[in-house]
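Trainee: with the input below, show me the fold.
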Amino acid sequence: MLDLLTTGPARRAGPAQWCGGPRDVEDRVRVVIAEDSVLLREGLTRLLTDRGHEVVAGVGDGEALIKTVTELDGRNLLPDVVVADVRMPPTHTDEGVRAAVQLRKTYPGVGVLVLSQYVEERYATELLAGSSRGVGYLLKDRVAEVREFVDAVVRVAEGGTALDPEVVAQLLGRSRKQDVLAGLTPREREVLGLMAEGRTNSAIARQLVVSDGAVEKHVSNIFLKLGLSPSDGDHRRVLAVLTYLNS
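Mentor: Here you go, the predicted structure:
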């Protein structure tokens, strides 16, 4: 199961909960989808609208994505989140992620969730390089897990982070070579790796078959060794994960 990391206070009263019935208006998120495959774009639209969310626009390239969000802003109708493919026309290289990065800079209150066919480290790192709020990077295979995907869209819309475990694993495999984390014990590295997947302390405890208290102690040691004091304005959990990913 994909666990998601909350990076800061949600923009709504709390995360949306969908149990099969009608969704409250206050829980509904407004979505713009950028995907050049018409079939996939329509499929994503159907997944989200069937669960009570509002897809306000669907576009097929990065330029159209930026233009659409700008127009919506002019009408005071900014989306809560943009779901964008990494590769889109005209070159099918990085148009989608470049548009996503630009939108994060221009509209920091709009969440951005990018989808990729496979892990592309450079794009994931670029997307995570700015603010840690409202960002996600998932592999397209994750869309097949409907509840997981919809939960990721909602979490990113509310200011959280959704990182695919495969993305985390590849980025962390590279970061282990760096000295910035040299002071962490193997167990602390393991805990931080699970934190990077978005797992809560309780979920980490279940995964490692240890007590919640043991995990809390490891997390405290990680913060201490990474120099993250309780007075840090940003969420220390997020700062620790970003240090791990970007080191």
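
Trainee: from here on, just use CA atoms for contacts and neighbour counts.
Mentor: Will do.

Trainee: pLDDT below threshold where in this structure?
Mentor: 1-26, 121, 129-132, 169-180, 229-235, 245-247 (pLDDT under 70).

Trainee: which stretches of it form helices?
Mentor: 38-49, 62-74, 95-106, 121-128, 146-157, 165-175, 186-196, 201-208, 212-225, 236-246 (DSSP state H).

Trainee: name the helices or strands packed onto the first one?
Mentor: So that's helix 38-49. strand 30-34, strand 54-59, helix 146-157 (3 or more CA pairs under 8 Å, 6 or more residues apart in numbering; DSSP states H and E).

Trainee: in contact with the residue nearest to the spatial centre of the chain, which residues?
Mentor: Closest residue to the average C-alpha location of the chain: G136 at 2.1 Å, with CA atoms, centre = their mean. G136 makes contact with V112, L113, V114, A152, V156, T161, A162, L163, according to CA atoms under 8 Å, 6 or more residues apart in numbering.

Trainee: please tell me how far the fifth one sits from L226.
Mentor: Taking CA to CA, to the nearest Å as the measure, V156 falls 26 Å from L226.

Trainee: looking at those two, which one has more neighbours?
Mentor: V156 (28 against 17; other CA atoms under 10 Å).

Trainee: got the contact list for that one?
Mentor: V81, G111, V112, L113, R133, G134, V135, G136, A162.

Trainee: out of these, who's nearest G213?
Mentor: A162 (25.3 Å; CA to CA).

Trainee: what about the closest one, how many neighbours?
Mentor: 30.

Trainee: for it, which non-adjacent residue is closest in space?
Mentor: G136 (4.3 Å; CA to CA, 6 or more residues apart in numbering).

Trainee: for the one you found, list each beta-bridge partner.
Mentor: L113, A162 (DSSP bridges).

Trainee: buried ones in stretch 156-168, by neighbour count?
Mentor: For stretch 156-168, a neighbour-count test (16 or more other CA atoms under 10 Å) marks V156, A157, E158, G159, G160, T161, A162, L163, D164, P165, V167, V168 as buried.

Trainee: distance between that stretch and the chain's centre?
Mentor: How far stretch 156-168 lies from its chain's middle: 2 Å, per CA atoms, centre = their mean, to the nearest Å.

Trainee: for that stretch, C-alpha coordinates in CSV please.
Mentor: Below are the C-alpha coordinates for stretch 156-168, written out as CSV (Å, rounded to 0.1, in the frame of the first residue of the first chain):
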residue,chain,number,x,y,z
VAL,A,156,-1.2,16.7,-2.8
ALA,A,157,-4.2,19.1,-3.3
GLU,A,158,-4.2,19.6,0.5
GLY,A,159,-0.5,20.4,0.7
GLY,A,160,0.9,16.9,1.3
THR,A,161,3.5,14.9,-0.6
ALA,A,162,3.0,11.6,-2.5
LEU,A,163,6.1,9.8,-3.6
ASP,A,164,6.0,6.4,-5.3
PRO,A,165,8.0,3.8,-3.3
GLU,A,166,9.9,3.0,-6.5
VAL,A,167,10.9,6.6,-6.9
VAL,A,168,12.1,6.8,-3.3
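
Trainee: make 866 the starting number, not 1.
Mentor: Okay, using 866 as the starting number, the last item reads as stretch 1021-1033.

Trainee: F1014 touches K1005, doesn't it?
Mentor: No. Using CA atoms under 8 Å, F1014 makes no contact with K1005, being 9.5 Å away.

Trainee: and these two? Which one has more around it.
Mentor: Higher neighbour count among F1014 and K1005: F1014, with 21 against 16, using other CA under 10 Å.
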